[in-house]
Structures are given as C-alpha cells and as structure tokens.
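Enquirer: A predicted structure for the sequence below; I have some questions about it.
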Amino acid sequence: MNPATKVTPMSRENWAMLIDQLGPGFAERAAQHDSEDSFVADNYARLKAARVFSAGVPEEFGGGGASHAELGEMLRRLAHHCGSTALALSMHTHTVMTTVWRWRHDKAPMDKLLKRIADEQLVLTTSGGSDWLQGSGKAVPVEGGYRVSGRKIFSSGSPAGKLLMTSAVLETEGRAPEVLHFGLPLDAPGIKVHDNWRTLGMRGTGSNDVTIEDVFVADAAVGVRRPQGVWSHLFHVVFSNAMPLVYSVYLGIAEAARDLAVKTVARKREDRNVQMLIGEMENELTTVRLVVAQMMEVAKHPRLDLETTNEMVILRTLAGQHAIRTVEKALEAVGGQGYFRASALERHFRDIQAARFHPLTEKPQLMHTGRAALGLDVNG
C-alpha cells in the first residue's frame with residue numbers, strides 16, 4: 001500500500017481493527033528492520049496516513065477520541081506484527097494521553113498542542129524515561145528565558161519526531177534545583193538526532209540520542225516547573241498514563257510468542273514435557289493479561305497521587321516479569337528451533353527484554369513500595 005493511501009477507521013472504537021488491516025504489511029518488514037537496525041519509517045508513514053498519531057486526541061480538537069483501553073488494545077495488536085513499531089508508537093501515544101489528562105483534569109492550557117497533533121499528525125518524541133525524576137541537561141537563565149544544553153537518550157521515534165518533549169535542570173544559588181519541562185522542535189538549530197541506536201532488541205524504534213546545544217527556550221514555553229529528584233504531580237500523571245500503554249506492547253509480544261510456540265510444537269503435543277511447558281507459559285501469559293487490565297483501571301482514576309503511583313509501580317514490575325517469563329517458556333517449549341534468527345521467536349525473545357528497563361525498574365520499585373508500606377517518605 002502506498003504511504004499516501006488514506007485509511008479511515010470505521011469508528012472511534014475500531015482503531016484496533018485498523019491495526020489488523022495494516023499489521024500484516026508491518027510484519028513483513030519487521031525482520032528486515034531488526035537485521036538492519038533501521039527505523040520503521042514506512043510503518044510510521046502508514047500510521048500517519050491513517051491518523052493514528054491523533055487517535056487519543058479528544059474529538060473536539062479533531063482527534064479520534066480513543067480511550068486508554070482502546071489505545072492499549074491497538075498497541076497490543078500492533079505488537080503482534082512489529083514490536084518496534086508498537087513500542088515507538090506507545091511513547092508518542094502516552095505523551096498524548098498525559099497531555100489530554102492534564103487538559104481534562106488539571107485544566108492545563110494544552111488546547112493548541114492537542115489541535116496541532118490532530119491537524120498536523122504531529123509526532124511527539126519524549127526523553128522522559130531517561131530523564132525521569134532527576135531530569136538532565138542544564139538551563140541557564142538569559143533575557144526572556146533560558147539557554148538549554150544536554151544529551152537525551154532513549155528518544156524513541158526520533159527519526160520521525162517533530163517535537164521533543166524534554167526537560168533541563170535549573171540551578172539557582174540559594175535555592176533547590178528545579179526541573180523545567182518544555183517542547184523543542186527537533187529541526188531547530190542546535191538540536192541533533194544521532195544515528196546510534198544499536199541494541200539487543202527493539203532495533204526499529206529509532207530510540208537515538210538527541211543532543212541540545214545552547215537552544216533558547218522562552219519563559220512562556222516552560223509548561224511545568226518541579227523540584228528535582230522527587231515525585232510530584234506531573235510524574236504521578238505521566239507514570240499512570242504511560243505504563244498501561246507501554247506494557248500493552250509487551251503483552252502483545254508475549255501473546256505473539258505464545259501463538260508461535262503453540263503452532264510450532266503441534267507435532268509433538270503428546271510430549272508430556274511440552275505439555276507442562278505450554279501450561280506454564282499459559283499461566284504466565286494470563287498473569288500479564290490480568291496485570292495490564294488492572295493497570296488500565298488505575299489509569300482511570302481522576303486523582304493520580306502517591307497511592308495510585310505505588311500501585312502502578314508494582315503492576316509495572318509484575319507485567320514486565322511475567323511477559324519475559326512467557327516468552328522464555330515459549331522458547332523453552334519450542335527448543336533449539338526457536339534459537340535461530342529465521343524464527344520470529346528469537347526476535348520476540350530479544351524484544352521482550354526491553355520490558356526490564358522502563359522506570360521504575362525492579363529494585364527501585366521494591367524500595368519505593370517497601371518505604372510506602374512502612375510509612376516512610378518514598379523520596380528518601
């Protein structure tokens with residue numbers, strides 16, 4: 001299909017069905033992108049033609065009005081076809097949904113950005129996963145704003161991105177450091193997208209480093225200021241909006257590995273060891289499904305705070321652990337055949353490893369949850 005071909009969803013409930021239409025073409029290219037470490041540019045062009053980048057934007061701004069659950073289902077199905085495309089899209093999509101949440105619940109002035117996403121199919125790239133609570137980069141005060149410099153890593157979708165949603169640290173004598181949040185056009189002078197994404201898995205996400213060299217950010221362009229290194233309202237909102245969508249992708253990869261394993265071992269289904277391994281795999285996958293469903297429920301909460309974040313960090317760890325174990329069991333059941341790169345299972349096994357690395361990773365999560373249970377400050 002030509003990238004310019006317009007694909008129109010039948011209704012706002014059918015974004016997942018749209019992926020069923022586009023997905024087989026994505027699947028055909030998945031192995032090539034993986035072997036070449038190349039960004040899934042063709043897939044992004046098709047998603048843009050289908051207006052997928054504004055699926056979560058409210059209808060009053062010209063978007064698709066999709067809910068968290070609908071977007072999660074879309075990403076889950078997409079991951080069956082191409083994990084890299086699904087993960088890169090989830091990073092844009094969760095940033096959109098964070099923006100929608102802030103417009104809807106905080107009454108934040110996000111109208112112009114949401115309308116731009118719908119009108120232009122604007123692709124957002126975020127550095128939030130690598131910056132996290134500490135932030136990174138440096139903001140130096142100048143007349144009318146700041147001069148910002150820094151290096152941002154894990155900027156998924158950066159080859160197609162138009163706006164980098166990022167932050168920098170402002171240090172003022174006599175005051176605690178602040179983190180400033182803002183958007184930067186990726187084609188602005190002083191911003192460079194590097195071609196350095198060479199990884200074990202998720203090789204097509206284009207999660208390159210982005211360097212920012214002495215770029216001006218106006219005072220009015222700073223959307224949020226927050227204390228450095230501590231949980232604040234913004235990060236409760238970001239975390240609970242992001243994790244259900246990101247881990248819907250890993251659920252989809254786990255399901256794809258499961259389906260492939262069951263098909264591959266059909267000829268030896270009377271083998272009791274195989275039966276046991278497939279049973280273990282089914283248990284792991286059912287756990288992932290239950291956990292991701294609960295993540296979606298938490299994301300519906302109209303007030304996101306330390307309590308909802310603590311539940312979500314636990315669910316994020318469990319989703320990652322059981323998704324990885326699902327694919328491990330799939331590979332074990334299939335045996336050496338799945339170890340060859342000719343098998344998509346080998347790629348699923350590598351791609352699923354990325355589930356380990358989104359914040360909060362397991363050990364910080366355990367510390368966070370343990371402190372919360374003991375009545376201690378989680379920022380301690």
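Expert: Sure, I can see it.
Enquirer: distance of Val262 relative to Met276?
Expert: Using Cβ to Cβ, to the nearest Å, one gets 14 Å for the distance from Val262 to Met276. Backbone N, C-alpha and C define where each C-beta goes, glycine included.
Enquirer: Val123 now?
Expert: Val123 sits 45 Å away from Met276, going by Cβ to Cβ.
Enquirer: out of those two, which sits in the more crowded spot?
Expert: Legend: neighbour count by other Cβ atoms under 10 Å for Val123 and Met276, higher for Val123 (23 against 12).
Enquirer: which residues does the more buried one contact?
Expert: By Cβ atoms under 8 Å, 6 or more residues apart in numbering, the residues touching Val123 are Tyr44, Lys48, Phe53, His92, Gly157, Ala160, Gly161, Lys162, Leu163.
Enquirer: out of these, list just those in strands.
Expert: Judged by DSSP state E, these include Leu163 as members of strands.
Enquirer: quick one, which of the contacts of Val123 are buried?
Expert: Among those, the ones that count as buried by 16 or more other Cβ atoms under 10 Å are Tyr44, Lys48, Phe53, His92, Gly157, Ala160, Gly161, Lys162, Leu163.
Enquirer: could you export those as JSON lines, including pLDDT and distance to His236?
Expert: Formatted as JSON lines, the buried ones among the contacts of Val123 follow (pLDDT from 0 to 100; distance: Cβ to Cβ, whole Å):
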{"residue": "Tyr44", "pLDDT": "98", "distance to His236": "30"}
{"residue": "Lys48", "pLDDT": "96", "distance to His236": "31"}
{"residue": "Phe53", "pLDDT": "97", "distance to His236": "25"}
{"residue": "His92", "pLDDT": "98", "distance to His236": "21"}
{"residue": "Gly157", "pLDDT": "97", "distance to His236": "24"}
{"residue": "Ala160", "pLDDT": "98", "distance to His236": "29"}
{"residue": "Gly161", "pLDDT": "97", "distance to His236": "25"}
{"residue": "Lys162", "pLDDT": "98", "distance to His236": "27"}
{"residue": "Leu163", "pLDDT": "98", "distance to His236": "23"}
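Enquirer: check which helix or strand the nearest residue to His94 once chain neighbours are set aside maps to.
Expert: Distance criterion Cβ to Cβ, 6 or more residues apart in numbering; nearest residue to His94, sequence neighbours excluded, is Ala242 at 3.9 Å. If you go by DSSP states H and E, Ala242 is part of helix 233-264.
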